[in-house]
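Novice: Structure here, sequence nowhere to be found:
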Ligand SMILES: Nc1ncnc2c1ncn2[C@@H]1O[C@H](COP(=O)(O)OP(=O)(O)O)[C@@H](O)[C@H]1O
Ligand SMILES: [Mg+2]
């Protein structure tokens, strides 16, 4: 009778985890003479923990990360300019609370995406939402949504996540209408939500990226007002790994390189 009633109560209140574990906790409590208050406390926090983990799992899926890698797997000794001290400060996620931005700049393979993903994973674990897309995907998305007349709805959606990651800005030059909507995104999120951005281009060349110096300046002005820039100068980790495996004759690569 009491179990039936309890079962109903848990269902009405949406306490699925408590329903599953209360029996075990109750037995433990009477065996170890745990107080009523302690018992209640344990049960409630087990439910909270369960709900938080479930939400984080859902948010991890919704974030559309290209891969899941934590900051703990990043080798800072290999890449000292990745500034471990700054990354550790960012890891506290106070930048998300303050809606500040993080910019990772540097050549290919130095770990920009890994660090951006690592911060997003850390954020999601701590209850924040994130959304990842490459600049290329963003450009296509903007164009499609202009055509289908859904661009305003899309702009709204992109202002929602606590952390928006825009990866690989700088590989493609943006047309004026795309650059305009990119500015809109940055502007909508200004002091309201964090952006983590990665780019292979230094700020001086962003005029070319956005096809217009004035637009680029307006975008940078908002992005950089409250932000941390991490400028990574070093060797590609991909090449290091291949070198280690003996796949890569780097001297050949360097002599063939045109830049
Ligand atoms: N310092 C590092 N420690 C561990 N893995 C790294 C490091 N730098 C890069 N990687 C790995 O090398 C690959 C390329 O890094 P990535 O973050 O994609 O570089 P970028 O975005 O700068 O081009 C990824 O698999 C990443 O996890
Ligand atoms: Mg990358």
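Specialist: Here it is on my side, so go on. Because the structure is predicted, anything quoted here is derived from the model rather than measured. Ligands and ions are numbered 1, 2, ... in the order given.

Novice: Okay, now the unreliable bits of this protein?
Specialist: 244, 246-259 (pLDDT under 70).

Novice: for ligand 1, what are the nearby residues on it?
Specialist: Residues of the chain found near ligand 1 (Cβ under 6 Å from any ligand atom) are 69, 73-75, 78-79, 106, 108-114, 198, 237-238. For glycine as for every other residue, the C-beta is placed from the backbone atoms N, C-alpha and C.

Novice: let's see 8 Å
Specialist: 67, 69, 73-76, 78-79, 82, 104, 106-117, 167-168, 198, 200, 232, 236-238, 241 (Cβ under 8 Å from any ligand atom).

Novice: Please list only the buried members of the residues you listed.
Specialist: Neighbour-count burial (16 or more other Cβ atoms under 10 Å) applied to the residues of the chain next to ligand 1 gives 69, 74, 79, 82, 104, 106, 109-117, 167-168, 198, 200, 232, 236-237.

Novice: Helices along this protein, start to end?
Specialist: If DSSP state H is used as the criterion, the helices of the chain fall at 2-13, 16-31, 36-62, 84-91, 94-97, 112-125, 135-147, 151-158, 176-189, 206-209, 213-225, 237-245, 250-256.

Novice: how deep is residue 231 tucked in, by neighbour count?
Specialist: Neighbours of residue 231 under the rule other Cβ atoms under 10 Å: 14.

Novice: mind checking how far residue 156 is from residue 134?
Specialist: With distances taken as Cβ to Cβ, to the nearest Å, residue 156 is found 21 Å from residue 134.

Novice: ok, the two, which is more surrounded?
Specialist: residue 134 (18 against 10).

Novice: excluding its backbone neighbours, what's nearest residue 139?
Specialist: Distances taken as Cβ to Cβ, 6 or more residues apart in numbering put residue 178 closest to residue 139, at 5.4 Å, once the chain neighbours are dropped.

Novice: should've said residue 225
Specialist: residue 190 (7.5 Å).

Novice: Could I get the phi/psi values of that neighbour?
Specialist: Dihedral angles of residue 190 (phi, psi; degrees, to the nearest 10) stand at phi -60, psi 120.

Novice: what number of residues lie near it?
Specialist: Other residues lying near residue 190 total 17 when counted by other Cβ under 10 Å.

Novice: one step back: state the number of residues packed around the residue nearest to residue 139.
Specialist: A count of neighbours around residue 178, defined by other Cβ under 10 Å, yields 21.

Novice: so it sits right up against residue 142, yeah?
Specialist: Yes - the pair residue 178 / residue 142 is scored as a contact, 5.1 Å apart, by Cβ atoms under 8 Å.

Novice: what is in contact with these two at once?
Specialist: By Cβ atoms under 8 Å, 6 or more residues apart in numbering, residue 178 and residue 142 have no common neighbours.

Novice: Let me see the contact set for the closest residue to residue 104 other than its chain neighbours.
Specialist: Spatial nearest neighbour of residue 104, excluding adjacent residues (Cβ to Cβ, 6+ apart): residue 112 at 4.0 Å. Residues counted as contacts of residue 112 (Cβ under 8 Å, 6+ apart) are 104-106, 167, 198-199, 232.

Novice: Now distance to residue 138 too, for the residues you listed, in JSON lines please.
Specialist: Shown next, in JSON lines, are the contacts of residue 112 (distance: Cβ to Cβ, whole Å):
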{"residue": "104", "distance to residue 138": "16"}
{"residue": "105", "distance to residue 138": "18"}
{"residue": "106", "distance to residue 138": "20"}
{"residue": "167", "distance to residue 138": "9"}
{"residue": "198", "distance to residue 138": "12"}
{"residue": "199", "distance to residue 138": "13"}
{"residue": "232", "distance to residue 138": "22"}
